[in-house]
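**Student:** Here is the input, now give the coordinates:
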Amino acid sequence: MEENMKDISHLYEGLYGKNYNKEDMDARFEHLLKEHEKEFGKKDNVALFSTAGRTELAGNHTDHNLGLVITGTINLDTIAAVSLRADSRVILKSEGFPVDDVDISDLSIKEEEKNTTSSLIRGIADAFTKRGLKVGGFEANTTTRVLKGSGLSSSAAIEVLIAEIFNNLFNNDALSPIELAKISQYAENVYFGKPSGLMDQIGCANGGIVGIDFEDAKNPKVKALDVNFKDYGYNLVIVDTKGNHADLTHEYAAVPTEMKRVAAYFGKSVLRDVSLNEFIKALPEARKAVNNDRALLRAYHYLTENQRVNDMLEALENKDFDSYLKGVQESGNSSFRFLQNVYAASAPQEQGLSIGIAISEAILKDKGVVRVHGGGFAGTIQAYVPDDILDEYITQMDNLFGKGASTLLSIRSLPTCRLC
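**Tutor:** Got it, this is the predicted structure:
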């Protein structure tokens, strides 16, 4: 096991950024290998894999209407120790969860597996075989540092990880990260039973910061960006406001539904096919026909957010970080005022995100910016914090929401991959 540690330590910076703790990472992978031996017995040639979570940087609630987003792969990952089997069984032991044991000689959809990791394993294997690629049995154990319920895509990370295991062990890494993301989305949509977009999977699979254009949903355009926020003296911090996600499904579902209702007024299926000028010109009649001002405000957010993402991408390409931060602030304001996903209309007494944004602005003043992160209604905020007030910001946020509420993120450069 010590040899494995030596083999992968040179990858730590690409996985975790410059501020990783080598001793911590060595111990983490060594523990993973010990658990593999405990679970499956002593094996030769145990492979190590890593897939990270992702953070949404811009494009709040735009992907479901074929919009534009900016996302970044982060330094929090799910890692796996994997050994081959001689049969067609995939056995997966995720830390803290029951064992998933799936015989992939049968790739039919199982209704009883809906909403389980077993369904994802079977669905991912099916997607590989449909592409004429190979699958086979393996046994793996995983552990994760991707925070659950924080909008960092812990579920997409495990999907992409499973896909990369099939990709590497049986197909010599024939598929690109984008194709692995598509396979993962297919498994989630068809086998798991959740109608998700593709942003989470691309963000977990690709590595680095990317701009994604979903105009062609099956073949999104992905533009890689070479950006390090630390070069500009800023730190990316996620704060978990410890909100209650229970019974918010209807709030999340209402956003795309209302946007598409406005699109339908214009004879379109999604807002991507409606222009801002067209929308504003038609607004007097649209108010009467749609009879839902919130839906119209959410449509306005979408149309302006799409343009904002373009402007922010251009700013990053031109190394104009001030203009990028201005876009972050405008995105956050639009989410609060127009998209209205900072608190649930059904539970206005619970506004952890609003409190977090308010106190963040009081601390940051004109030095940094803050916005709602991800789906909203409860969960996390995202702040760009200058070096000189980073400790103060984390201390105050942890005092407000509890120890460990704040997580300092780095952008990971490496894609989903086998480490050794």
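**Student:** Mind jotting down where the helices sit in the stretch 151-300 of the chain?
**Tutor:** Under the criterion DSSP state H, counting those that start in this stretch, the stretch 151-300 of the chain contains helices at 154-171, 177-186, 199-206, 249-265, 276-290, 293-317.
**Student:** Pull out the buried residues from the fourth one.
**Tutor:** If I follow you right, that is helix 249-265. 251, 252, 254, 255, 256, 258, 259, 260, 261, 262, 263, 265 (16 or more other C-beta atoms under 10 Å). In this view, the C-beta of every residue, glycine as well, is placed from N, C-alpha and C.
**Student:** now swap in the fifth one and tell me
**Tutor:** Within helix 276-290, the residues that count as buried by 16+ other C-beta under 10 Å are 279, 286, 290.
**Student:** can you list those residues in CSV and add distance to residue 234 and pLDDT?
**Tutor:** Listed next are the buried residues of helix 276-290 as CSV, based on distance: C-beta to C-beta, whole Å; pLDDT from 0 to 100:
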residue, distance to residue 234, pLDDT
279, 34, 98
286, 40, 98
290, 40, 98
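**Student:** would you turn those residues into a markdown table with distance to residue 272?
**Tutor:** A markdown table is the format used below for the buried residues of helix 276-290 (distance: C-beta to C-beta, whole Å):
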| residue | distance to residue 272 |
| --- | --- |
| 279 | 12 |
| 286 | 17 |
| 290 | 18 |
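**Student:** Which residues are in contact with residue 305?
**Tutor:** Residue 305 makes contact with 58, 59, 60, 61, 62, 67, 331, 334, 339 under the criterion C-beta atoms under 8 Å, 6 or more residues apart in numbering.
**Student:** close enough to count as contact, the third one and residue 340?
**Tutor:** No. With contact defined as C-beta atoms under 8 Å, residue 60 does not count as touching residue 340 (11.2 Å).
**Student:** Comparing the two, which shows the higher neighbour count?
**Tutor:** residue 60 (27 against 20; other C-beta atoms under 10 Å).
**Student:** the strands in the stretch 51-200 of the chain, which residues?
**Tutor:** 68-84, 89-94, 99-103, 138-144 (DSSP state E, counting those that start in this stretch).
**Student:** Would you mind finding the most buried of these?
**Tutor:** strand 68-84 (a mean of 24; mean count of other C-beta atoms under 10 Å).
**Student:** could you give the mean pLDDT of that strand?
**Tutor:** In this model, strand 68-84 has an average pLDDT of 97.
**Student:** now that strand, how far from the chain's geometric center?
**Tutor:** 9 Å (C-alpha atoms, centre = their mean, to the nearest Å).
**Student:** Can you list the low-confidence ranges for the stretch 201-350 of the chain?
**Tutor:** Scanning the stretch 201-350 of the chain for pLDDT under 70 picks out the ranges 244-246.
**Student:** what about 90?
**Tutor:** For the stretch 201-350 of the chain, the stretches flagged by pLDDT under 90 are 217-218, 242-250, 252-253, 346.
**Student:** rewinding a little: among the buried residues of helix 249-265, which one sits closest to residue 94?
**Tutor:** Nearest to residue 94 out of the buried residues of helix 249-265 is residue 252 (C-beta to C-beta; 24.7 Å).
**Student:** Now name the helix or strand holding the residue nearest to that closest one when sequence neighbours are not counted.
**Tutor:** Residue nearest to residue 252 in three dimensions, not counting chain neighbours: residue 375, with 5.6 Å by C-beta to C-beta, 6 or more residues apart in numbering. Assigned by DSSP states H and E, residue 375 belongs to no helix or strand.
**Student:** List the residues that contact residue 375.
**Tutor:** With C-beta under 8 Å, 6+ apart, residue 375 has these contacts: 61, 151, 252, 341.
**Student:** Need those in CSV (columns: distance to residue 22).
**Tutor:** As requested, the contacts of residue 375 are exported to CSV (distance: C-beta to C-beta, whole Å):
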residue, distance to residue 22
61, 39
151, 29
252, 40
341, 39
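**Student:** ok, how many other residues are close to residue 27?
**Tutor:** So residue 27, with other C-beta under 10 Å, has 12 neighbours.
**Student:** Check whether the residue lying closest to residue 373 once chain neighbours are set aside sits in a helix, strand or coil.
**Tutor:** Once flanking residues are discounted, residue 373 sits nearest to residue 382: 3.9 Å by C-beta to C-beta, 6+ apart. When classified by DSSP: H, G, I helix; E, B strand; the rest coil, residue 382 comes out as strand.
**Student:** what about residue 382, how many neighbours?
**Tutor:** 22.
**Student:** Provide the partner residues of it in its beta bridges.
**Tutor:** Beta-bridge partners recorded for residue 382 (DSSP bridges): residue 238, residue 371.
**Student:** Can you tell me how far it is from residue 130?
**Tutor:** To residue 130, residue 382 is 37 Å away according to C-beta to C-beta, to the nearest Å.
**Student:** where's stretch 112-132 relative to the chain centroid, distance-wise?
**Tutor:** For stretch 112-132, the distance to the chain centre is 20 Å (C-alpha atoms, centre = their mean).
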